[in-house]
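A.B. asks: Starting from these lines, generate the structure:
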Amino acid sequence: MDFVTISLALLFAVAVGYGLKKLSGGGKNLPPGPNPLPLIGSLHLLGDQPHKSLTRLSKIYGPIMHLRLGFVHTVLVSSAAMAKEVMQNHDLVFSGRTVPDAIRAHDHSSYSVIWLPVAARWRSLRKTINSNIFSGNSLEGNRQLRHKKVEELIEYCRTNSQSGTAVDVGGAAFRTSLNILSNTIFSRDLTDPFSDSSKEFKELIWNMMVEAGKPNLVDFFPLLRKFDLQGIRRRMTVHFGKVIDLFSDLIDERLEKMKSGEYDPTGDVIDVLLAAGEKNPEEIDRIHIERMCLDLFAAGTETTSSTVEWAMAEALKNPETMKRAKAELAEVIGAGKIVDEADIPRLPYLRCMLKETLRIHPPAPFLIPRRAERDVVVCGYTVPENSQVFVNAWAIGRDPEIWEEPLVFKPERFLESEVDFRGRDFELVPFGSGRRICPGLPLAARVLPVVVGSLLNSFDWKIEGGVTAAELNMDEKFGITLQRAHPLRAVPVPL
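C.D. replies: The predicted structure is shown next:
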């Protein structure tokens, strides 16, 4: 029997035992949505670009929509008002997580602050992250370190500019964000700056994001979990294992140095976490530290580099935007200089450019899926307990009822607006909001304008191969993060 036949047989067997009441929602007043087919529900409507197909469906069924994906109740919210209902008005009820089966590899969901339920352990780990990694004092203490990594990025681009060689913008930004994080946590680079040695790590991180973002039969038919029909959990186990082993070795190396008496504590993140674990082992232990590192690198490298790449692509696609951003940079800090974090408040157009990038290209189009902890009524509709809840940030950022000319890249729209991406304005929620807001937002708010501003201010840029702005391909590749389908390669031209 082939794979399809076996899968269909298993699905049929599960369906018979599952019960029609469970599938129907038990007669509750569910939000509107497409009529589900037997067994598969509305899975056939997703396609390979779910953020786009579900946005189209929301135009038919409204800003709160119910779908049955296999045997899983799914609620999609696609407007700022509905996002506020989920992430503010009913934040606690929707604070649970729907854990993809891929994330169960190495039992990661039992240790990860991203996936743990909002309870004592989650609060303790979240407090540790906010206090020791992303607090204002911690970020300020590492400002010169980040500046040095941006200097290395600009030096790499300068070498390429002298030879007329194109830069893989996303790859270069990935190496920069990787070493910013690794120096913050471990006081060392994880890759030689701008060699090919980070390629494997980048592919590893991307493979993790791809596997986690793939439609997985197990997630839609939970009783099939032990079969891992598509091998997603098996492949994720390999990817997770490689990253966990790397961090375990780095922690062992630090512990050995401490024992030998040869180590002078630097006060970096790993020092702080190990000290916290020694003082309060019941709150944070070795496994939690390793998994926290995995979360930080997975969430903080690919999302940062992708946003930098999209911002540079939009600047090249829209020459007037690039011209205005470069003019502001030249006037405020002087052409050719690297942007310092202290310069950011004086660069309003650059900040608007990044808001506009995050509006059109949110790193995670559905954020991270939430789960209803109990039945809850939202705008007159019942969201059943254990429903997975998607916030379509991609659709909200392109909503014509909120944004004038929503498909046009126009940073100017934010110049007279106080809308920001810090979780208070539900028109722009690339980092989420409420209890589950991304803890790395304060770091991203510092790194993104410095990297993009420094790239723009240090060089003129042209697309590789003589491609014109009008010809630049802006297609997307769907995963948990929204990548460019075609990596941006651009040549830095000396000023």
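A.B. asks: hey, where'd the strands end up in the stretch 101-250 of the chain?
C.D. replies: Listed in chain order, the strands of the stretch 101-250 of the chain (DSSP state E, counting those that start in this stretch) span 167-168.
A.B. asks: average pLDDT across stretch 451-464?
C.D. replies: Per-residue pLDDT values over stretch 451-464 give a mean of 98.
A.B. asks: With just CA atoms, put that stretch into PDB.
C.D. replies: In PDB, the C-alpha atoms belonging to stretch 451-464 read as follows (Å, rounded to 0.1, in the frame of the first residue of the first chain):
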ATOM      1  CA  VAL A 451      21.600  47.800  10.500                       C
ATOM      2  CA  VAL A 452      19.400  49.200   7.800                       C
ATOM      3  CA  GLY A 453      20.400  52.800   8.400                       C
ATOM      4  CA  SER A 454      24.100  51.900   8.300                       C
ATOM      5  CA  LEU A 455      23.700  49.900   5.100                       C
ATOM      6  CA  LEU A 456      21.900  52.800   3.400                       C
ATOM      7  CA  ASN A 457      24.200  55.500   4.700                       C
ATOM      8  CA  SER A 458      27.500  53.800   3.900                       C
ATOM      9  CA  PHE A 459      26.900  53.000   0.200                       C
ATOM     10  CA  ASP A 460      24.700  53.500  -2.800                       C
ATOM     11  CA  TRP A 461      23.200  50.300  -3.900                       C
ATOM     12  CA  LYS A 462      22.200  48.600  -7.200                       C
ATOM     13  CA  ILE A 463      20.500  45.300  -7.800                       C
ATOM     14  CA  GLU A 464      22.800  42.500  -9.100                       C
END
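A.B. asks: got the buried residues for that stretch?
C.D. replies: Along stretch 451-464, these residues count as buried under the neighbour rule (16 or more other CB atoms under 10 Å): 451-459, 461-463. C-beta: built from backbone N, CA, C; applies to glycine.
A.B. asks: Let's have the residues you listed in CSV, adding distance to Ala173.
C.D. replies: Listed next are the buried residues of stretch 451-464 as CSV, based on distance: CB to CB, whole Å:
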residue, distance to Ala173
Val451, 6
Val452, 9
Gly453, 13
Ser454, 11
Leu455, 9
Leu456, 13
Asn457, 16
Ser458, 14
Phe459, 15
Trp461, 14
Lys462, 18
Ile463, 17
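A.B. asks: Name the nearest of those residues relative to Phe227.
C.D. replies: When the buried residues of stretch 451-464 are ranked by distance to Phe227 (CB to CB), Val451 comes first, at 43.6 Å.
A.B. asks: Which strands or helices does the helix or strand hosting the closest one pack on?
C.D. replies: Per DSSP states H and E: Val451 is located in helix 441-458. Judged by 3 or more CB pairs under 8 Å, 6 or more residues apart in numbering; DSSP states H and E, the packing partners of helix 441-458 are helix 136-141, helix 143-163, helix 169-186, helix 286-317, helix 319-332, helix 348-360.
A.B. asks: Nearest to Leu217, out of these?
C.D. replies: With CB to CB as the yardstick, what comes closest out of those is helix 286-317 (23.4 Å).
A.B. asks: Just the angle for that closest one relative to helix 143-163, thanks.
C.D. replies: Put simply, helix 286-317 runs at 40 degrees to helix 143-163, going by axes from the mean of the first three to the mean of the last three CA atoms, to 10 degrees.
A.B. asks: Next, the contact list for Ser138, please.
C.D. replies: When contacts are counted by CB atoms under 8 Å, 6 or more residues apart in numbering, Ser138 is found next to 131-132.
A.B. asks: run the last query once more with 6 Å
C.D. replies: Contacts here follow CB atoms under 6 Å, 6 or more residues apart in numbering; on that basis Ser138 touches nothing.
A.B. asks: Same check on Ala276?
C.D. replies: If you count contacts by CB under 6 Å, 6+ apart, Ala276 has them with Ile284.
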